[in-house]
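J.: sequence first, then the predicted structure:
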Amino acid sequence: MKVSKPFLKNAWYAAAWSYEVKKELFERTIIGESVLFYRKEDNQAVAINNACPHRYSPLHLGTLIGDVVECKYHGLRYDSTGRCVHNPHGDGKIPEKMCTRAYPLEETHNMLWIWMGDPALADPATIPDFGCQSDPDYPSVEGVIEMHGNYELITDNLMDLSHVEFLHKGILGSEAIKRGEHELLQDGTTVWSNRWCPDGLAPPAWDHMFKDYGKPVDHWLYMRWDAPAHMLLDVGITPTGRPRSEGIWMYGTDILTPKDQTSTYYFWGVARDHDKDNDEMGKIWTSAIEVAFGTQDKPMIEAQQGMLEALGVIDLDEVDPVLLPMDSATVRCRRVLDQLRREDGTRLPDPRNPALVELVEKTKAAEYEGKVVPVV
């Protein structure tokens, strides 16, 4: 099947939630490359290419011995830099080329971030801010879902939240969304798709959890996108005409990492400002996310991908879809990503995101007539 768009190499990708990688061998395919993860005895996480350079046997089938990996096939051992440090055969001499690639890996925001391109360009300062997932003031839950779908197709789904009223009817949908105001903003390579939906009934999931919100509310959904596919949703409700500070809200982490051209890891997280001492609330949000994304978004995206593959293509752009005004954010993100791909290695993603607490304070300061104004 034809591949029309290469992956952006010189960018950070979410590799795993911190809890997924332990002092044991763990494999995950990132943009088509099989990567081996594990933690050393000092708990530092490392990432090396999963192929033993001797016979290309998968290293994750081997054994972790202290900080080194022993290949199951012939017993060669590799350290965390990918260098072979033990050859059990013959005179034990180790060929100079007996090494596998080590990847830059950073751990922040309860997430492991991997750099798949030129290591010299790997600047941790260009990792987008998802500090809400590790901020003790915001109780959080997280998980990962694997989808059979191109990551840009899933980005389209997340950046165009007009589908919420229809695809997520009964959970996250609200009739106010389709008549709400939409604002598209761009700062550097960061894109915001913001929806302000005043004077409507709260989405069922919110109404179910907060019984006093059966009355009309103002509902906001502000989605931030950074290349290649890192999104953060600022979403909440407040009594109609009242400022954000009188309502309830949360951050939704939506990070996509391509496994390959047709499969994607969807890292989701929820960090809330409400019911902070109620552990059950985390379970409720986990259930809501698993239903909305696992049983509603996932089947739709996989069905879309199936339609495209039946036409012999992978990416939606290849079939020249008919666009509507509500597609402006998805088109903008695709254009930014296309430009970064063309300049891969000479221009890097440039996230423009203040610290989460700073963003909240600026947003509160910008309130007027009860409306929450996004600040970028």
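T.: Yep, that arrived.

J.: please state the mean pLDDT value computed over stretch 206-223.
T.: In this model, stretch 206-223 carries a mean pLDDT of 75.

J.: does Ala16 touch Phe37 like I think?
T.: Yes: in this structure, Ala16 is within contact of Phe37 by Cβ atoms under 8 Å, at 6.4 Å. For glycine as for every other residue, the C-beta is placed from the backbone atoms N, C-alpha and C.

J.: shared neighbours, these two?
T.: Phe26, Arg28, Leu112 (Cβ atoms under 8 Å, 6 or more residues apart in numbering).

J.: got TSV for these, with distance to Val217, secondary structure and pLDDT too?
T.: Shown next, in TSV, are the shared contacts of Ala16 and Phe37 (distance: Cβ to Cβ, whole Å; DSSP: H, G, I helix; E, B strand; the rest coil; pLDDT from 0 to 100):
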residue	distance to Val217	secondary structure	pLDDT
Phe26	43	strand	98
Arg28	40	strand	99
Leu112	37	strand	99
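
J.: any chance of those residues in JSON lines, plus neighbour count?
T.: Putting these into JSON lines (neighbours: other Cβ atoms under 10 Å) gives the following:
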{"residue": "Phe26", "neighbour count": "18"}
{"residue": "Arg28", "neighbour count": "23"}
{"residue": "Leu112", "neighbour count": "22"}
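
J.: Thr262: which of those residues is nearest?
T.: Proximity of those to Thr262 was ranked by Cβ to Cβ; the top entry is Arg28 with 16.1 Å.

J.: so who does that closest one touch?
T.: Ala15, Ala16, Val35, Phe37, Lys259, Tyr265.

J.: so how far is Pro124 from it?
T.: Arg28 sits 20 Å away from Pro124, going by Cβ to Cβ, to the nearest Å.

J.: just Arg352 next, same as before
T.: Using Cβ to Cβ, Arg352 is found at 16 Å from Pro124.

J.: what residues go with each domain of this protein?
T.: 14-121, 128-365 (automatic domain parsing).

J.: so which helix or strand takes in the residue nearest to Val35 when sequence neighbours are not counted?
T.: In this structure, Val35 finds its nearest non-sequential neighbour in Ala47, 5.3 Å apart by Cβ to Cβ, 6 or more residues apart in numbering. Using DSSP states H and E, Ala47 sits in strand 45-49.

J.: now for that strand, which elements pack on it?
T.: Applying 3 or more Cβ pairs under 8 Å, 6 or more residues apart in numbering; DSSP states H and E, one finds that strand 45-49 contacts strand 33-39, strand 105-108, strand 111-115.

J.: can you add distance to Glu165 and give those strands back as a markdown table?
T.: Formatted as a markdown table, the helices and strands packed on strand 45-49 follow (distance: least, Cβ to Cβ, whole Å):
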| stretch | distance to Glu165 |
| --- | --- |
| strand 33-39 | 39 |
| strand 105-108 | 35 |
| strand 111-115 | 31 |
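
J.: same question for the helix or strand where Trp196 lies, mean pLDDT?
T.: Following DSSP H and E, one finds Trp196 within strand 190-200. Averaged across strand 190-200, pLDDT comes to 87.

J.: cool, stretch 30-50 as well?
T.: For stretch 30-50, the mean per-residue pLDDT is 99.

J.: before we move on, what about stretch 294-304?
T.: On average, the pLDDT along stretch 294-304 is 91.

J.: what's near enough to touch Trp115?
T.: Neighbouring residues of Trp115 by Cβ under 8 Å, 6+ apart: Asn10, Ala11, Trp12, Tyr13, Tyr103, Pro104, Leu105, Leu121, Ala122.

J.: likewise His274?
T.: Taking Cβ under 8 Å, 6+ apart, one finds Phe210, Ile248, Trp249, Met250, Met281 in contact with His274.

J.: and it, what are its phi and psi?
T.: For His274, the backbone dihedrals (degrees, to the nearest 10) come out as phi -120, psi 160.

J.: distance of Tyr103 relative to Cys84?
T.: Counting by Cβ to Cβ, the separation of Tyr103 from Cys84 is 17 Å.
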